[in-house]
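Undergrad: What follows is a predicted structure for the sequence shown.
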Amino acid sequence: MSKFLIRTRTGLLASALAAALAVTAAGPMSTATAAPRQSVRFVAHLDMAGGQRPENITLEPGGGAVVTFAYSRQIARISRAGKVTVLATLPEPPAGSTTPALSNPFLGGIVRAHDGTLYFLYATGSADLTGVWRLRPGGTPHRIAALPAEGLPNGLALDGGGRSLYVADSVLGTVWRVPVTGSTPTRWSTAPELAADGFLGANGLKFHDGAVWVSNLDKGTVLRIPVTARGTAGPVRTRAGGLTNIDDFAFTGRGDTLLAAINADNEIARVEPNGTHTTVLTGADGLENPTSLAVRGTTAYIASGAYFTDSDPNLLAARIAPASRPLHVTHRAAHERTA
């Protein structure tokens, strides 16, 4: 087990962030040595010295991806050929601003609407910048909804009708709802299952089959919150446990089966609808502390921030095989579903 994993999660991420910023200033410490399996390929090796540590990902129709670079305040497109193009750089926060839990400015979740508009989350610890931002094609980014400066907006999803955005706040243990047109956010759910347990709570977020699904990093859970006929939050149900250090996740397209990024453990887990889960990718496949995933057809795109490895932030593409053997199964760890 890495020396990073025996620390508390608070100390772990604080140390990783400090290292990430130091490497950004001083240059890369090492190069990638992993040799991915035939079902996995590198789309891009990113520039760690330039601050290119991807936090979240959304896909474009032409085969490209758009990512947030967590600590360089940048939104960037990565083409199918691996070319990186910076689309926008967010304003630097006022002097003295401190982002909750992470200290430094943080770009989190990103989603793409059908018309190409990008929505993303920015946390700075300052009231003038923290919130939901929008970038239209060919335009400039601007904030459409303010969120509390004392929070850490992290996961982001667009509802099925493209009318509302849902935001997971990792510090406040809250799911917010914001119209895509922008306005005052609604505190949609503050269920105790969303709360942190020492560091970060609600983290990744997806809208799937009429419900908001949220991961909780500290508690290692995947939660399902149905959207009622009135649009309010229904009762929370824990769909999987035992996934400590879970970051973002994505559904495979086969019902409620999902793939989860286990950041500090350097793994991707396949989580079945009954809550059991299987490790399907590891560092041997090229993972460098995976932060987020997106699925198109039979391919999963996995962004790695290399927060702890300080080696090779990258974007991988992994084939999701048919039937019951997606990606590459390395070992199995079943866990009981909690209710």
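TA: That came through, no problem. Numbers count the residues shown, from 1 in each chain.
Undergrad: How about Q74: which residues does it bridge to?
TA: F69, T89 (DSSP bridges).
Undergrad: what's near enough to touch it?
TA: 51-52, 68, 86-90, 107 (Cβ atoms under 8 Å, 6 or more residues apart in numbering). Where C-beta positions appear, they are placed from N, C-alpha and C, glycine not excepted.
Undergrad: what does S292 give?
TA: Applying Cβ under 8 Å, 6+ apart, the residues contacting S292 are 54-57, 204, 247-248, 250, 261, 302-303.
Undergrad: For the contacts of Q74, which single residue is the most surrounded?
TA: T68 (30 neighbours; other Cβ atoms under 10 Å).
Undergrad: Can you tell me which of the contacts of S292 is closest to I320?
TA: Nearest to I320 out of the contacts of S292 is A250 (Cβ to Cβ; 10.4 Å).
Undergrad: That closest one looks like it's in a helix, true?
TA: No: assessed by DSSP: H, G, I helix; E, B strand; the rest coil, A250 does not belong to a helix; its assignment is strand.
Undergrad: Give me the nearest residue to it, chain neighbours excluded.
TA: L293 (4.1 Å; Cβ to Cβ, 6 or more residues apart in numbering).
Undergrad: Distance-wise, check that neighbour relative to I57.
TA: Counting by Cβ to Cβ, to the nearest Å, the gap from L293 to I57 is 7 Å.
Undergrad: List the residues that are in contact with both of the two.
TA: 301, 303.
Undergrad: Tell me where the stretch 201-339 of the chain has strands.
TA: 202-208, 211-216, 221-226, 237-240, 246-251, 258-262, 267-271, 277-281, 290-296, 299-304, 314-319, 331-333 (DSSP state E, counting those that start in this stretch).
Undergrad: before we move on, the earlier item: now pLDDT and distance to T130 too, for the contacts of Q74, in a markdown table please.
TA: Shown next, in a markdown table, are the contacts of Q74 (pLDDT from 0 to 100; distance: Cβ to Cβ, whole Å):
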| residue | pLDDT | distance to T130 |
| --- | --- | --- |
| G51 | 96 | 20 |
| Q52 | 98 | 23 |
| T68 | 98 | 15 |
| V86 | 98 | 22 |
| L87 | 98 | 20 |
| A88 | 98 | 17 |
| T89 | 98 | 17 |
| L90 | 98 | 11 |
| L107 | 98 | 11 |
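Undergrad: Out of these, flag the one nearest to P137.
TA: L87 (9.4 Å).
Undergrad: I'd say the closest one and I75 touch.
TA: Yes: assessed by Cβ atoms under 8 Å, L87 is found in contact with I75 at 4.7 Å.
Undergrad: Spit out the residues that contact those two alike.
TA: The contact lists of L87 and I75 share 66, 118, 135, where a contact means Cβ under 8 Å, 6+ apart.
Undergrad: Can you give me the neighbour number for the last one?
TA: Spelled out, it's L135. So L135, with other Cβ under 10 Å, has 21 neighbours.
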